[in-house]
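[1] Can you look at this prediction? I've put the sequence above it.
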Amino acid sequence: MPLVTIKMFEGRTDEQKKALVEKVTEAVAETTGASTESVTIVIEEMTRNHYAVGGKRFSDQ
């Protein structure tokens, strides 16, 4: 059972997330030989003030 976690900034539409889940599921199933039914995907959305690189939050840029 492949488990994929996708972390991204909030703000994508439901349609975009649906398309992302469908394409990632297909890619994982194709490359691992797992059935599409066994592929689990978790989308973790975060705000820009919860992510920083080089000491600067994305919300501050």
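    Noted; the coordinates are in hand.
[2] would you list every one of the strands in this structure?
    3-9, 40-46, 52-53, 56-57 (DSSP state E).
[3] Quick one: closest of those to residue 28.
    strand 3-9 (6.1 Å; Cβ to Cβ). No exception for glycine: its C-beta is placed from N, CA and C like everyone else's.
[4] How about the residue nearest the centre of the chain, nearest residue that isn't a chain neighbour?
    In the chain, the centroid-proximal residue (Cα atoms, centre = their mean) is residue 6; its distance is 2.4 Å. Leaving aside its chain neighbours, residue 6 sits nearest to residue 43 (5.0 Å; criterion: Cβ to Cβ, 6 or more residues apart in numbering).
[5] Check residue 5 too.
    Once flanking residues are discounted, residue 5 sits nearest to residue 42: 4.9 Å by Cβ to Cβ, 6+ apart.
[6] Please name the residues that touch that neighbour.
    If a contact means Cβ atoms under 8 Å, 6 or more residues apart in numbering, then residue 42 has 3-6 as its contacts.
[7] Separate out the buried members of those residues.
    Taking 16 or more other Cβ atoms under 10 Å as the criterion, nothing in the contacts of residue 42 is buried.
[8] Identify, from these, the entry nearest to residue 61.
    Of all the contacts of residue 42, residue 6 has the smallest distance to residue 61: 22.1 Å, by Cβ to Cβ.
[9] dump the residue contacts of the closest residue to residue 34 other than its chain neighbours.
    With sequence-adjacent residues excluded and distances taken as Cβ to Cβ, 6+ apart, residue 34 is closest to residue 2, at 5.2 Å. By Cβ under 8 Å, 6+ apart, residue 2 lies in contact with 28, 32, 34, 38-40.
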